[in-house]
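Trainee: What follows is a predicted protein model with its sequence.
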Amino acid sequence: GQQLNQSPQSMFIQEGEDVSMNCTSSSIFNTWLWYKQDPGEGPVLLIALYKAGELTSNGRLTAQFGITRKDSFLNISASIPSDVGIYFCAGQLSGSSNTGKLIFGQGTTLQVKP
Amino acid sequence: GAGVSQSPSNKVTEKGKDVELRCDPISGHTALYWYRQSLGQGLEFLIYFQGNSAPDKSGLPSDRFSAERTGGSVSTLTIQRTQQEDSAVYLCASSFKTGGFGYTFGSGTRLTVV
């Protein structure tokens, strides 16, 4: 089935450093979403991308929808301890807009050292 | 309620027993989704309900899994004759409409089959 390849699998960084993670797929997506999951909680939406090439920011977060519609990246600037968690990319396949069914990447676990 | 409520938050069951997981979506949300998250993995789509339409059951892994949504609100996911590989966190999400845009997840039910 369709898969999203998310990398890196985990990151351990120093507070204040910038972070970058990305997702790629062999399939075309019409929507890319980035979620963050804290322990014991469900994922929370961070950024939604709807157009190829779109670059969107949300505070210290920046995400882009690849021009080919097969990839996306998420950057976090000046990381802080509360950025710790698991970050998931998710996409909605082109042609599946009537269901809202998402395909998720396997997640990037971020740890921040104070 | 203010968010998506799932119960129980944790469930330990013996192999072979049946379990029922409950989801109370946000009031007024017409779309409801069930996902499964295995340890260290991304989210796997199970089933989707939208209003009075027939549910999309394409993600259910076997005929031991079933779900219903009564009155367009509360949903119950039932797993019959549980197996150890069913151990996972089962997440429910709801949204105003289809499209996968920013739907809200509950905190999940952690199921452990022993």
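Mentor: Received the coordinates, thanks.
Trainee: Close to chain A: what parts of chain B are there?
Mentor: B:4, B:31, B:33, B:35, B:40-45, B:48, B:50, B:56, B:59, B:91, B:93, B:95, B:97-108 (Cβ under 8 Å from any Cβ of the partner chain). (C-beta placed from N, C-alpha, C; glycine too.)
Trainee: show me the contacts for the residue nearest the centre of chain B.
Mentor: Nearest to the centroid of the C-alpha atoms of chain B, with distances taken as Cα atoms, centre = their mean, sits B:Trp34, at 3.4 Å. Neighbouring residues of B:Trp34 by Cβ atoms under 8 Å, 6 or more residues apart in numbering or on different chains: B:23, B:46-48, B:67, B:75, B:77, B:90-92.
Trainee: so who does residue 84 touch?
Mentor: Since no chain was named, I'll use chain A. Counted by Cβ under 8 Å, 6+ apart, A:Val84 has contacts A:110-112.
Trainee: actually it's chain B I care about, not the one you picked
Mentor: Contacts for B:Gln84 were tallied using Cβ under 8 Å, 6+ apart; they are B:15, B:113-114.
Trainee: 6 Å instead?
Mentor: By Cβ atoms under 6 Å, 6 or more residues apart in numbering or on different chains, the contact set of B:Gln84 is B:Val113.
Trainee: Which strand residues bridge the residue nearest to the centre of chain B?
Mentor: B:Ile47, B:Cys92 (DSSP bridges).
Trainee: what does B:Ala88 give?
Mentor: In this entry, B:Ala88 is beta-bridged to B:Leu111, by DSSP bridges.
Trainee: My guess is it contacts B:Gly40. True?
Mentor: No - counting by Cβ atoms under 6 Å, B:Ala88 does not reach B:Gly40; the two are 10.8 Å apart.
Trainee: For the closest residue to chain B within chain A, which three-state class applies?
Mentor: Relative to chain B, the nearest point of chain A is A:Gly42 (2.9 Å; Cβ to the nearest Cβ). Following DSSP: H, G, I helix; E, B strand; the rest coil, A:Gly42 is assigned to coil.
Trainee: now do B:Glu85
Mentor: The three-state assignment at B:Glu85 reads helix, by three-state DSSP.
Trainee: That one - how many residues pack around it?
Mentor: A total of 10 residues lie near B:Glu85 under the criterion other Cβ atoms under 10 Å in any protein chain shown.
Trainee: before we move on, what about A:Thr109?
Mentor: The number of residues packed near A:Thr109 is 16, by other Cβ under 10 Å.
Trainee: Run through the residues that contact it.
Mentor: Contacts for A:Thr109 (Cβ under 6 Å, 6+ apart) come out as A:10, A:86.
Trainee: Flag every buried residue along stretch B:67-75.
Mentor: Neighbour counts over stretch B:67-75 (16 or more other Cβ atoms under 10 Å in any protein chain shown) mark B:67, B:69, B:73, B:75 as buried.
Trainee: biggest separation within the residues you listed, which pair?
Mentor: B:Ala67 and B:Ser73 (13.5 Å; Cβ to Cβ).
Trainee: Can you tell me how far the residue in chain B that chain A sits nearest to is from B:Lys17?
Mentor: Closest residue of chain B to chain A, Cβ to the nearest Cβ: B:Phe105 (2.9 Å). Per Cβ to Cβ, to the nearest Å, B:Phe105 is found 26 Å from B:Lys17.
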